[in-house]
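Asks: Pasting the sequence and the predicted model now:
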Number of protein chains: 2
Amino acid sequence: MRVGILGYGNLGRGIECAIKQNDDMELTAVFTRRNPEDVKILTENVNVYNVDSILEHKDEVDVLVLCGGSATDLPKQTPEYAKYFNVIDSFDTHARIPEHFANVDKAAKESGHTALISCGWDPGMFSLNRLYANAVLPEGNDYTFWGKGVSQGHSDAIRRVEGVKDGKQYTIPVESALESVRNGENPELTTRQKHLRECFVVAEEGADLKKIEETIKNMPNYFADYDTTVHFISEEELKANHSGIPHGGFVFRTGVTGWNKENKHVIEYSLKLDSNPEFTSSVILAYARAVNRLHNEGVNGCKTVFDIAPAYLSPLSGEEIRAHLL
Amino acid sequence: MRVGILGYGNLGRGIECAIKQNDDMELTAVFTRRNPEDVKILTENVNVYNVDSILEHKDEVDVLVLCGGSATDLPKQTPEYAKYFNVIDSFDTHARIPEHFANVDKAAKESGHTALISCGWDPGMFSLNRLYANAVLPEGNDYTFWGKGVSQGHSDAIRRVEGVKDGKQYTIPVESALESVRNGENPELTTRQKHLRECFVVAEEGADLKKIEETIKNMPNYFADYDTTVHFISEEELKANHSGIPHGGFVFRTGVTGWNKENKHVIEYSLKLDSNPEFTSSVILAYARAVNRLHNEGVNGCKTVFDIAPAYLSPLSGEEIRAHLL
């Protein structure tokens, strides 16, 4: 199976690494909006092309992985490239998924291609767990917690504060909230009771630290509704201890069964990830395999993780998975 | 959707309770090998019939749930009833799944019915998590732990010991093993290092307690390979504190990503269940919905949880699940 990558940032590089771990896949080419000569990839003997020439390579690619951002890239790119390729993306603006789905579905159906949107871990593996758990326990409560992990959006917000040179923000689930949910207590949790925000900030020389801290802690939407901690550290320390992109989280469903709803059940799914983009990439590639198989079976249009039978994700045969994983 | 139940033990009763929680389902009838007049069910205005008359009701049932045991009932029942009904079972003898699958698949294809075998939580939800996690992290290690929960087989083994009047056995994961796996340490664990066995025993009057304890602890296959604790308690205490059927467990996959496999990831799925048969029943009913839908789409033959796209489990539409669960 021949994979193309469009966009070579953290996600594109993650896809490239993941291809190396899947024997049935090979990287065909990387497409970039930058000057291809400025993009150095890890794989030997694979070309980097400018995206302007992508249609020249459409017969060399079984699935094109779109590695752009959800804000402006993917809403245009996924429907556009679904005209020429089987495509997969990690579109994660939850509120706009129905609109994006409709656009991609139309393009893919008209061209006879197969597309899958919103792949990764949330949306993605977390969504699957919400769906399975809701189907199994119709009467219950859902809880999703994120972290401990780096939030890119919140880190960007810190870096826009006057006097801040650099910064990283960690989203952290409140341990007592996790325990309460895990114990089946069905708590009603406010925003503040679910997550903490911890900031590591490098200030410009001579900046007013007190003012920076206050500005961050009171920033609406981003920090005001949370218990936020701000640590001032040196640039070296930030680089040494906070240059990773870890993330993860927890999906719970707690519910009841029995004639009188007398029995409680807790379903918990959690991820602890050293690298958010590399794990996202690994999920995407498993679903790229499904996209390719569905296309070969003549199934077209836009899909999500909900539409894919799990067997399509595995390189093993039906006999093998029944014998070894069931 | 009209559901029939064959066999009215803990599982059959669990199915009956779960039907009440799913608005799109109704119980048609319960079929039993016993005298129908001796079987009192919970639902009003639903008949109990002897299994001998089951074929008279075949047009009244969309999916027949087979609630027999894996040792002798299901290997015969599932292929037999797949000739006349869409069927679902919880066959859990892992080693014999390929053979059972082949038998059921043949019967279902010949008669144009849809069947699903080995549904529940293990096999079932745990199997799904093993498959998803293996597809996402091709390089890694799998761990499954069971408990804390009641093992029926081990409880039966205790009760066969001379001088034992009654008994219950709990399988308990070793906490330090869970922690080691959760920390990504990839331990190699012996049988003894993974699970403890805790027994609550009611002895006959005048029995040799020391001998009972030794016999249990040294019982090959069941207890000899584990650290086993034996508590002698009164019949009243057993009834008051150990009459539930809780269970649960943990499925982990720990793996690596990155060009040099430098990043670690931990996927963890866990269940904490007050009632093993009722949770199993809830899983079975969600998949019974999928069986009915697939049959209505003209898909025949034997399936497992691996073959079912998650969307088929939910009573909600594609639009609804994309908008609310993705």
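Replies: Received the coordinates, thanks.
Asks: residue boundaries of the strands in chain A?
Replies: With strands called from DSSP state E, chain A shows them at A:2-6, A:26-32, A:47-50, A:63-66, A:87-88, A:114-116, A:140-146, A:149-150, A:164-173, A:195-203, A:227-232, A:247-257, A:263-273, A:301-303.
Asks: The fifth one pairs with which strands, and in what direction?
Replies: Meaning strand A:87-88. Here strand A:87-88 is paired, per DSSP bridges, with strand A:63-66 (parallel), strand A:114-116 (parallel).
Asks: from those, which stretch is densest packed?
Replies: strand A:63-66 (a mean of 29; mean count of other C-beta atoms under 10 Å in any protein chain shown). Where you see a C-beta, it was placed from the backbone N, CA and C, and this is true even at glycine.
Asks: then it to CSV, C-alphas only?
Replies: Output of strand A:63-66 as CSV, limited to C-alpha atoms (Å, rounded to 0.1, in the frame of the first residue of the first chain):
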residue,chain,number,x,y,z
VAL,A,63,-4.0,6.8,0.2
LEU,A,64,-3.1,10.5,0.7
VAL,A,65,-2.7,11.5,4.3
LEU,A,66,-3.6,15.2,4.8
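Asks: What average pLDDT does that strand get?
Replies: Averaging pLDDT along strand A:63-66 yields 98.
Asks: What of stretch A:121-140?
Replies: The average pLDDT within stretch A:121-140 is 98.
Asks: Over to stretch A:105-113?
Replies: 98.
Asks: For it, buried residues please.
Replies: Neighbour counts over stretch A:105-113 (16 or more other C-beta atoms under 10 Å in any protein chain shown) mark A:Asp105, A:Ala107, A:Ala108, A:His113 as buried.
Asks: and that stretch, how far out from the chain's middle?
Replies: 24 Å (C-alpha atoms, centre = their mean, to the nearest Å).
Asks: anything in that stretch near chain B?
Replies: No: against chain B, stretch A:105-113 shows no contacts by C-beta under 8 Å from any C-beta of the partner chain, the least distance being 10.4 Å.
Asks: Can you tell me how far the residue nearest to A:Ile233 when sequence neighbours are not counted is from chain B?
Replies: Nearest residue to A:Ile233 in three dimensions, chain neighbours excluded: A:Phe200, at 5.4 Å (C-beta to C-beta, 6 or more residues apart in numbering or on different chains). From A:Phe200 across to chain B, the span is 20 Å (C-beta to the nearest C-beta, to the nearest Å).
Asks: shouldn't A:Phe200 be in contact with A:Glu235?
Replies: No: taking contacts as C-beta atoms under 8 Å, A:Phe200 lies outside contact range of A:Glu235: 10.9 Å.
Asks: neighbour-wise, which of those two wins?
Replies: Each of A:Phe200 and A:Glu235 has its neighbours counted (other C-beta atoms under 10 Å in any protein chain shown); A:Phe200 has more, 20 against 11.
Asks: bridging residues for the more buried one?
Replies: A:Lys168, A:His231.
Asks: who touches it in this structure?
Replies: Shown in contact with A:Phe200 (C-beta atoms under 8 Å, 6 or more residues apart in numbering or on different chains): A:Gly167, A:Lys168, A:Gln169, A:Tyr170, A:His231, A:Ile233, A:Glu237, A:Leu238, A:Asn241, A:His242.
Asks: Tell me how far the fourth one lies from A:Ile117.
Replies: Yep, that's A:Tyr170 we're talking about. Remark: distance between A:Tyr170 and A:Ile117 (C-beta to C-beta, to the nearest Å) = 28 Å.
Asks: Neighbour count for these two, which is higher?
Replies: Each of A:Tyr170 and A:Ile117 has its neighbours counted (other C-beta under 10 Å); A:Ile117 has more, 29 against 21.
Asks: I figured that one hits A:Asp307, correct?
Replies: No: between A:Ile117 and A:Asp307 there is no contact under C-beta under 8 Å: 10.7 Å.
Asks: can you put the strands of chain A in TSV and add distance to B:His100?
Replies: TSV is the format used below for those (distance: least, C-beta to C-beta, whole Å):
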stretch	distance to B:His100
strand A:2-6	37
strand A:26-32	38
strand A:47-50	50
strand A:63-66	35
strand A:87-88	35
strand A:114-116	33
strand A:140-146	32
strand A:149-150	43
strand A:164-173	42
strand A:195-203	46
strand A:227-232	54
strand A:247-257	27
strand A:263-273	27
strand A:301-303	31
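Asks: Quick one, which of these gets closest to B:Lys261.
Replies: If you check each of those against B:Lys261 by C-beta to C-beta, strand A:263-273 wins as the nearest, at 14.3 Å.
Asks: partner strands of the closest one, parallel or antiparallel?
Replies: In the sheet, strand A:263-273 lines up with strand A:247-257 (antiparallel), strand B:263-273 (antiparallel) (DSSP bridges).
Asks: quick one: contacts for the residue of the stretch 1-150 of chain A found nearest chain B?
Replies: Ranked by C-beta to the nearest C-beta, the top residue of the stretch 1-150 of chain A for proximity to chain B is A:Ala135, at 3.8 Å. With contacts defined as C-beta under 8 Å, 6+ apart, the neighbours of A:Ala135 are B:Ala286, B:Arg289, B:Pro310, B:Leu313, B:Ser314, B:Pro315.
Asks: pLDDT value on the last one, please?
Replies: Okay, so that is B:Pro315. Reported pLDDT for B:Pro315: 97.
Asks: can you count the residues close to it?
Replies: 16.
Asks: now the residue nearest to A:Ile233: how far from B:Tyr269?
Replies: For A:Phe200, the distance to B:Tyr269 - C-beta to C-beta - is 32 Å.
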